[in-house]
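K.L.:
Give me coordinates for this.
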Amino acid sequence: MSEMPDTHQSERAVLRTALRDGGLLVAGLAVAGSAIGFLVAGAAGVWGALLGAALAAFFSGVTVWSMAQTIGKPPATMGAVVMGSWLGKMVVLVVVLVLLRGQDFYDRVVLFVVLLIGAVGSALLDYRAVRGGRVPYTDA
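P.N.:
Numbering: from 1, shown residues only. Below is the predicted model of the structure:
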């Protein structure tokens, strides 16, 4: 007896693409952001870029993870998991910002710019992965 094909293979392929592209984006941000950060603010700029890239990686990774956990689940479950992960990401962001408050080892502007580019870039890459994915709209 042959095994049934994985009906969610297309969704997993889209998420793998989003994860790979997000990882490349974050790696590029860490390298380019560190170089530019160093030119702008010295060692504090490097730390700002690395912190911004780490936060961007966390946000992007959690988004892809939450979507992967809901493949094949009802839309309400997917919505609840994605919303819960978004709230969790906001809590982590607030905690990190509170812990960094008053610290002077990093440049706040570099952190903000790298995180902003990471967030917008990740959203655009996720969109591109979904748009380019061959995911059927109906189950046959």
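K.L.:
Give me the three-state assignment for residue 104.
P.N.:
coil (DSSP: H, G, I helix; E, B strand; the rest coil).
K.L.:
My guess is it contacts residue 43. True?
P.N.:
No. Contact criterion Cβ atoms under 8 Å: residue 104 and residue 43 do not qualify, at 10.9 Å. To be clear about C-beta, it is placed using only N, CA and C from the backbone, and glycine gets the same treatment.
K.L.:
Give me the neighbour count for the closest residue to residue 117 other than its chain neighbours.
P.N.:
Leaving aside its chain neighbours, residue 117 sits nearest to residue 29 (6.2 Å; criterion: Cβ to Cβ, 6 or more residues apart in numbering). By other Cβ atoms under 10 Å, the residues close to residue 29 number 24.
K.L.:
by contact count, what packs against the host helix or strand of residue 29?
P.N.:
Assigned by DSSP states H and E, residue 29 belongs to helix 9-41. Packing contacts for helix 9-41, counted by 3 or more Cβ pairs under 8 Å, 6 or more residues apart in numbering; DSSP states H and E, involve helix 43-69, helix 108-132.
K.L.:
so of these, which one's packed in deepest?
P.N.:
Burial of the helices and strands packed on helix 9-41 is given as mean neighbour count (mean count of other Cβ atoms under 10 Å); helix 43-69 ranks first at a mean of 20.
K.L.:
average pLDDT across that one?
P.N.:
Averaged over helix 43-69, pLDDT sits at 93.
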